[in-house]
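# Attaching a predicted model along with its sequence, questions to come.
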Number of protein chains: 4
Amino acid sequence: MRNYMKPIRYGMVGGGRGGFIGHVHRTAASLDGHFVLVAGALSSNPSRADASAEELGIEPSRSYSTFEEMAEVESKRSDGIDAVVIVTPNHLHAAPAKTFLKAGMHVICDKPLTATLDEAKELHALAKNSDRVFALTHNYSGYPMIRQAREMVRCGEMGAIRLVQVEYPQGWLAEPLEETGDKKASWRTDPTRSGPGGCVADIGTHAYHLMRFVSELAVKDISAELTSFVPKRRVDDNVSVRLRFANGARGGLWASQVAIGHENGLRIRVYGETAALEWIQADPNYLWLSPIGEPRRLLTRAGAGAWPVSNRVCRVAAGHPEGYQEAFANIYSEVAVAIRAKEAGTPLDSRVSYPGIDDGLEGMQFIYACIESSSNDGKWVQLVN
Amino acid sequence: MRNYMKPIRYGMVGGGRGGFIGHVHRTAASLDGHFVLVAGALSSNPSRADASAEELGIEPSRSYSTFEEMAEVESKRSDGIDAVVIVTPNHLHAAPAKTFLKAGMHVICDKPLTATLDEAKELHALAKNSDRVFALTHNYSGYPMIRQAREMVRCGEMGAIRLVQVEYPQGWLAEPLEETGDKKASWRTDPTRSGPGGCVADIGTHAYHLMRFVSELAVKDISAELTSFVPKRRVDDNVSVRLRFANGARGGLWASQVAIGHENGLRIRVYGETAALEWIQADPNYLWLSPIGEPRRLLTRAGAGAWPVSNRVCRVAAGHPEGYQEAFANIYSEVAVAIRAKEAGTPLDSRVSYPGIDDGLEGMQFIYACIESSSNDGKWVQLVN
Amino acid sequence: MRNYMKPIRYGMVGGGRGGFIGHVHRTAASLDGHFVLVAGALSSNPSRADASAEELGIEPSRSYSTFEEMAEVESKRSDGIDAVVIVTPNHLHAAPAKTFLKAGMHVICDKPLTATLDEAKELHALAKNSDRVFALTHNYSGYPMIRQAREMVRCGEMGAIRLVQVEYPQGWLAEPLEETGDKKASWRTDPTRSGPGGCVADIGTHAYHLMRFVSELAVKDISAELTSFVPKRRVDDNVSVRLRFANGARGGLWASQVAIGHENGLRIRVYGETAALEWIQADPNYLWLSPIGEPRRLLTRAGAGAWPVSNRVCRVAAGHPEGYQEAFANIYSEVAVAIRAKEAGTPLDSRVSYPGIDDGLEGMQFIYACIESSSNDGKWVQLVN
Amino acid sequence: MRNYMKPIRYGMVGGGRGGFIGHVHRTAASLDGHFVLVAGALSSNPSRADASAEELGIEPSRSYSTFEEMAEVESKRSDGIDAVVIVTPNHLHAAPAKTFLKAGMHVICDKPLTATLDEAKELHALAKNSDRVFALTHNYSGYPMIRQAREMVRCGEMGAIRLVQVEYPQGWLAEPLEETGDKKASWRTDPTRSGPGGCVADIGTHAYHLMRFVSELAVKDISAELTSFVPKRRVDDNVSVRLRFANGARGGLWASQVAIGHENGLRIRVYGETAALEWIQADPNYLWLSPIGEPRRLLTRAGAGAWPVSNRVCRVAAGHPEGYQEAFANIYSEVAVAIRAKEAGTPLDSRVSYPGIDDGLEGMQFIYACIESSSNDGKWVQLVN
């Protein structure tokens, strides 16, 4: 995965001091040497923006007060940024994404795509007509054993898929953390910033994407129940979803932010006609394979039973655990390959895979379908209607 | 748990040679010395019945061709049976249960209660008016750590319960086993013998009972989707259920018999306002407790952290694993205490607990509500309507 | 495993009220219907002996004050006991074992064989010259997956064995429990009752036997270090042993009774030239198989991958966990088959396996070799010298 | 952990194309932005050295044919390297380490310190007299939960330590891989390059260091048995060690490279008078704590129960697993802090911890003591004699 070419210059929108996800993105971008941070509109607070930029080694002249200014100035520089990374709250995704696309820059955006479906549709249309790379950081699809799981499904190792069960329990919002002023909790539970979905948007879309990524089954209809368990909470904090796939398979998805005892319990299980798979994010170097009529097998990252498709996105030998940050970096490295191919006008290596604008729109459709279904007592709603 | 009194005499209906569950019941009945088998109508095939009886040490004169004959003859003997154990397929539960109740005998019946809801209602009415003990072997409620889980919920260790997630995946029916002549598969997938529910009746009711046993929350409404994945199968083999409890809590239940890789994967997770619990049947000597804001704790059967309520139903020291058969025996031992109290006219020890006729009726209501909901695209159905 | 023949009558020496292991033996003896308890010398305290006998349904006339009396009287009865079970502290094994052998009864004795090596040699000589069955309850060899492990070694699935690692940590003696009057702790830490070995005798011999049972490798030399961590303790409470097998393989054995956090952590790992095995007593329904160059496989009791040799000693289906008591019962059932074959003068089914007098003597040689080695700074000592 | 100061310039000795550990070091050095690679003597093959340098973005003029040249030239440059990283086989550690120390550069060296004890002593003497930082990458001590384990021991949470059990099984040398030309296997099994120890040096020293790091107990005497299981292998591939600590505690250490089924199974268990700890490298985000008389607790990295000492060396939130590379980077980041303090002449933050020259010498003493003991049938050998 190591890059030995000139790194891609990027700027960042959001991600100033004290945030969590900005640092994750920066580390992911730099881990394999593919990207270098040279500009930023890191905060809506100018002095905080500048201080953050200084810490990060960004030249003062390239620390901008607004993303619009960054787009304008950088697009005129001969050494201007090639790409932008957007790590703001949901309601601040669409505007910069559109602006930078229009300015001819590649866009890497945190999930979900936008706060509202209308924004998403507009952005989707723009991105589809653009020749720029648009990536959405559904980072869990970057784990090596998830790559292997998808390939095993693809190659028919499971037979036809019957059932996919995904769950994503967390416990950190079991109490009204938003009332304490906690920044992460506050915007995630504020519909004006997160959009109408709470848990369903924040982590439900991750679970949904993972289900789609691994199974590659098209979703037809959705039935959902969204609940807010914590008093006064303005968005859902627990989601139960049934899915009907186009081929007749079924899906079950449960996401929760009030499930005490779970830190980040993303888990996927895929049941086919001849085998089943299980993967747990907290222990990501393992993949359970259950062929029908045989003992379960514990596949390990880079180990016996690992396929080239997963080894391709590994850095260290079996038994030396890789984690969240490495999986996140895999998305960045895939995007880098895509950007370079785009810039060079060469065809993209068919093995490269990263979540993009279509995934982003579908994630928003998922949120809205869930909300519509839940508002109608769980009636079945077409994903795209 | 060891009994030192005269054992209770019982007869068995069904359970002849070659069956699985008859042997489980007999071992459970005898493990603590509470019961002794003295009569049987072990098979509808008379020669098989007699051969089975001989093997089991039943006197030839007490091996009966029909349960009716057994009820009649045994009720006249001074040393006649005190109780009957019914281990026939579902459609053959109601008739013997009624007959033996009317003959003044205690009844221990395998689950689900009957094949149809009408039968269940009739049997329920009869049992409620009887002074005999009626027990239904939802055996998983006999596990020590399940007893502890319920007690922890009861004592408020979890705070108010918000969410209960139960799953019960099995893989043994992933192929059309019923077409091979497999006996267990055949009657379970034949609606004239199993009743209208397949997976939902066979293991869904176990999962439902466990959820109710541990949480003690009343169920109001149910939304379900039943699926038959295996071609030509006449009953459901996969069930997804949402539950709304009377207090506003929510439940999720998934049961499947096409989930390859799972042998008998019953699992329950209970999320309250201040703590969560997790228990897995395949590893039954453990109970995970997650208090909010603290590390998870692994409670062990008879170990540090085990409560009297669970120690009461243990036989061996911590670290010496108990299993399925012991939990099953706990149900029998509780029933024995109840029978003795009934016979003696003394009050029942308040710690004694076993599933009874109300659980049986509710299980049938659960099956029917699931089918009605599923037939109506998952609409919410009142459990009792 | 179910017995359908007339059960074998047995008496018990020791095992009165309040003890743990007596109850375990009685349950094991009766679980499959092979044995029935009809006599006892249950306690050196006559009134306690009688009260215990009454509880257990033993006729008063067959509750004896001494084992000598029991041997004498029972040997004269036409319905006298066929076998005796000895569950006294170690120093009270040899005398009753010899007495009952001489009286023509089969003997089932708890481990270790005796308190001293001299006693063991004498008993061994007597038993070898007797035509009675002599069994020693190294019960862990009764677990189905242990049977499978041995068979896999035997069949060459591992290639030649290079290394066997066994550990048996417990934590219950981490404090000076013997000073509190705890009965189990008191005799186990009193050399006049336990013999010169503490931990090495009590659980070290179990670990040693398991290593020998699974690998079937002859032990040549032993180097050991015995430690007493708890102040004033009179015997070892921690044991580290190296073993050299006759074929050049190596073994490592660690047993401890001060290892806090372990309830009964017996574990064995076998490494061959082409595969490895791992089994953990606390989770006994699993067996890990690691073929070289392939993913690990999780074999389950009675499940896919289980062999006839293990299925033969199972009672319930896969996914329905069996435990300690069932494994203990397997030893009793094997002994019952052996007793019946002996009585009938028929050859013994070659699949039958139970620990016997040779294992008992070797266990004592192991204890003494460990002590000798440890007293000489870990010098290598021949197991038999 | 993020560095916002000017990175430290370093050069690398060894680590050219195709190697594993060079890449690991470079990623570790750059992960937090503390170090930047500007020079290299990457291979003894000049064209391979230059090609590797080019790939890594090193200026051609700073790609050197020999480490001596690199030391000489770089020490004269105003922008010369501040530190060197040595990732050659063991026999090529001592010479460059001494050279760069003498040239006034900080040294980061892979383990074990050298190939021979004499080299180690000489290097130790030099380093102790130097004012440069000398670090040895016993990287497992960089894991956050290992930091926490040490702190819990330090704070008396365990009471006095009685016993430390460490194991480090691997399976990759179960076959004579060195005969296939495999590079990693070849030098590790060649005494002229690895030194007299095989497994004991390669991974035994890691296990030893971890034991020392967590327990902080001084080792007095060692008894060891080294074995070579694979025919024709010239060094040991399996090691069993007993340790006596100065305070009377005991240790057990087992390392193996023929233990099929283990990828990199480093594990440590610490037993004190009042609690025990367990940590497994393959699942490094967990730490089991067993307080006496209480249920086991599963502490998680950055989670409930994590202490500042471990949180200090974390990058991402609980439930987002960190791995091997992050732990390795923690060592580099600690070293960076030490280098900066040294350069600035300021006192070193007392929380900073990294393995150094004393650990390196002690590791070599450990190897030699093991070999001496093993050559003398396991006799006890003083660590320093």
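Alright, I've got the coordinates. Numbering: from 1, shown residues only, chains lettered A, B, ... in the order given.
# and stretch A:49-61, which residues are buried?
By neighbour count with 16 or more other C-beta atoms under 10 Å in any protein chain shown, stretch A:49-61 contains the buried residues A:49-53, A:56, A:58. Quick note: C-beta positions are derived from backbone N, CA and C, even for glycine.
# just curious, which of the residues you listed is nearest to C:S223?
Taking C-beta to C-beta as the measure, A:L56 is the one of the buried residues of stretch A:49-61 closest to C:S223, at 59.1 Å.
# wait, what's in contact with A:E167?
Going by C-beta atoms under 8 Å, 6 or more residues apart in numbering or on different chains, A:E167 touches A:207, A:253-255, A:265-267.
# one more time with 7 Å, if that's ok
In this structure, A:E167 makes contact with A:254, A:265, A:267, judged by C-beta atoms under 7 Å, 6 or more residues apart in numbering or on different chains.
# top of those by neighbour count?
Among those, the one with the most neighbours (other C-beta atoms under 10 Å in any protein chain shown) is A:W254, at 21 neighbours.
# Surely that one and B:L253 touch.
No - in this structure, A:W254 is not within contact of B:L253 by C-beta atoms under 7 Å, at 11.2 Å.
# just to revisit the earlier point, mind putting the buried residues of stretch A:49-61 in CSV, pLDDT included?
Converted to CSV, these look like this (pLDDT from 0 to 100):
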residue, pLDDT
A:A49, 95
A:D50, 95
A:A51, 95
A:S52, 95
A:A53, 95
A:L56, 93
A:I58, 96
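# what does the stretch 251-385 of chain A have sitting close to chain B?
Neighbours of chain B within the stretch 251-385 of chain A, by C-beta under 7 Å from any C-beta of the partner chain: A:252, A:254, A:256, A:258-261, A:271, A:275-276, A:290, A:292, A:296, A:377-378, A:380.
# and with 8 Å instead?
For the stretch 251-385 of chain A, the residues in contact with chain B under the definition C-beta under 8 Å from any C-beta of the partner chain are A:252, A:254, A:256, A:258-262, A:269, A:271-276, A:278, A:288, A:290-292, A:296, A:377-380.
# Please name the nearest non-neighbouring residue to A:C109.
With sequence-adjacent residues excluded and distances taken as C-beta to C-beta, 6 or more residues apart in numbering or on different chains, A:C109 is closest to A:I86, at 4.5 Å.
# Count the residues that sit near the one you found.
Other residues close to A:I86 by other C-beta under 10 Å number 25.
# And it, how close does it get to chain D?
A:I86 is 20 Å from chain D, where distance means C-beta to the nearest C-beta, to the nearest Å.
# who touches the spatially most central residue of chain A in this structure?
When C-alpha atoms, centre = their mean is applied to chain A, the residue found nearest the centroid is A:H138 (1.5 Å). Neighbouring residues of A:H138 by C-beta under 8 Å, 6+ apart: A:111, A:205-206, A:209-210, A:213, A:331, A:355, A:359, A:363.
# would a markdown table of these with secondary structure and distance to B:N238 be doable?
Rendered in a markdown table, the data for those read as follows (DSSP: H, G, I helix; E, B strand; the rest coil; distance: C-beta to C-beta, whole Å):
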| residue | secondary structure | distance to B:N238 |
| --- | --- | --- |
| A:K111 | coil | 30 |
| A:T205 | helix | 25 |
| A:H206 | helix | 25 |
| A:H209 | helix | 24 |
| A:L210 | helix | 21 |
| A:F213 | helix | 23 |
| A:I331 | helix | 33 |
| A:P355 | coil | 29 |
| A:D359 | helix | 27 |
| A:G363 | helix | 26 |
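# Tell me the one of the residues you listed nearest B:G15?
Closest to B:G15 out of those is A:L210 (46.2 Å), distances taken as C-beta to C-beta.
# Pull out the buried residues from the residues of the stretch 251-385 of chain A next to chain B.
Among those, those classed as buried by neighbour count (16+ other C-beta under 10 Å) are A:252, A:254, A:256, A:258-262, A:269, A:271-276, A:278, A:288, A:290-292, A:296, A:378-380.
# now the helices for chain A?
Remark: helices of chain A, listed N- to C-terminal, are A:21-31, A:46-55, A:67-76, A:94-102, A:117-128, A:144-154, A:183-188, A:191-194, A:199, A:205-215, A:308-311, A:324-344, A:357-375; assignment by DSSP state H.
# and these, which is most packed in?
The densest packing among the helices of chain A, expressed as mean neighbour count by mean count of other C-beta atoms under 10 Å in any protein chain shown, is seen in helix A:199 with a mean of 29.
# pLDDT (mean, whole number) over that helix?
Averaging pLDDT along helix A:199 gives 98.
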